[in-house]
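Q: Got a predicted model here, sequence first, then my questions.
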Amino acid sequence: THFGFKTVREEDKERLVKGVFSSVASSYDVMNDIMSVGVHRLWKDHLIKKLDCGMRPGSEKPLEFLDVAGGTGDIAYGLLDHARDKFHDTQSKITIADINADMLLEGQKRLLSTPYAQSGRVSFLEQNGEVLDKIEDNSKDVYTIAFGIRNFTNIQAGLNAAYRVLKPGGIFACLEFSHVDNPALDYLYQAYSFSVLPLMGQLVANDRESYQYLVESIQRFPPQEDFAGMIRKAGFYVPGKGYENLTFGVAAIHLGVKM
Ligand code: SAM
């Protein structure tokens with residue numbers, strides 16, 4: 001990297017990831033806001049509108065959503081809101097899967113302040129997204145993952161699991177920090193990432209290490225084209241070039257369709 005940051009050994013990664021998210025679970029919103037200067041909310045809205053999920057008029061079949069690394073439920077409740085507001089869909093269901101029980105607890109707490117609290121439409125699953133063995137093959141219509149997959153030890157295993165659990169015709173959608181496509185902007189972004197962010201993490205959450213890990217995990221995530229290739233390798237049909245850059249590639253949305 002430009003700033004010579006050391007990498008974390010793979011075998012320490014899963015343990016570290018669990019620790020990072022346990023320690024940030026309660027200050028999670030603050031962290032996300034700091035990381036993206038608040039823009040993650042716009043990116044998430046954009047993803048939800050782009051997917052445009054919900055029971056189409058005349059359909060009698062509720063959809064089955066799966067939000068992996070769903071943590072606090074941002075994407076999950078957003079998907080249900082969109083389905084209701086645009087398609088009057090009050091039946092589709094979602095499973096929020098996350099490896100970290102503390103993050104799921106945040107999601108459960110937050111469920112109470114949504115209209116879905118008593119609906120039985122939201123379920124929580126403590127599970128590694130690289131495995132998903134508690135989820136049946138060919139059972140989901142839409143798989144979303146936002147700011148989660150870069151934490152996987154084996155990203156390809158995660159993509160293969162996504163492919164397995166989706167129904168034929170099902171959609172895979174990933175929102176993740178990615179790589180800035182303009183060299184000058186990238187230089188500024190790196191400087192921000194490696195100096196400003198850990199410092200802000202220390203000041204705001206008194207947790208420099210977790211923030212530093214997050215910056216490093218972004219750095220090591222495969223570039224857009226390579227990640228699209230991995231999605232293809234899992235078996236998905238990848239439409240067009242396979243991704244949309246958001247904010248110059250600071251984040252990107254990748255899509256795949258199970259044929
Ligand atoms: N999707 C939420 C959002 O966008 O606000 C949460 C994103 S948070 C940055 C990353 C989440 O990924 C954490 O909740 C963490 O516990 C989860 N996670 C990390 N590794 C995972 C894995 N292997 N399987 C499932 N979840 C994982």
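A: Great, that's in hand.

Q: where does W43 land in three-state SS?
A: Under DSSP: H, G, I helix; E, B strand; the rest coil, W43 falls in the helix class.

Q: Identify the residues contacting it.
A: By Cβ atoms under 8 Å, 6 or more residues apart in numbering, the contact list for W43 reads 36, 175, 246-247, 251, 253. In this view, the C-beta of every residue, glycine as well, is placed from N, C-alpha and C.

Q: cool, and D52?
A: Shown in contact with D52 (Cβ under 8 Å, 6+ apart): 82, 86.

Q: Out of the contacts of W43, which is nearest to A69?
A: Ranked by distance to A69 (Cβ to Cβ), the contacts of W43 are led by L175 at 10.4 Å.

Q: State the distance from whichever residue of the stretch 151-259 of the chain sits closest to the ligand to E225.
A: Residue of the stretch 151-259 of the chain nearest the ligand, by Cβ to the nearest ligand atom: N151 (3.7 Å). Distance of N151 to E225, computed by Cβ to Cβ, to the nearest Å: 21 Å.

Q: Looking at the two, which is more packed in?
A: Neighbour totals were compared for N151 and E225, and N151 leads with 24 against 11 (other Cβ atoms under 10 Å).

Q: Can you tell me the closest non-neighbouring residue to that one?
A: Counting by Cβ to Cβ, 6 or more residues apart in numbering, N151 lies nearest to V17, which is 4.8 Å off, once chain neighbours are set aside.

Q: In terms of helices and strands, where is A161?
A: helix 155-165 (DSSP states H and E).

Q: do that helix and the ligand meet at all?
A: No. Helix 155-165 lies out of reach of the ligand by Cβ under 6 Å from any ligand atom, never closer than 6.9 Å.
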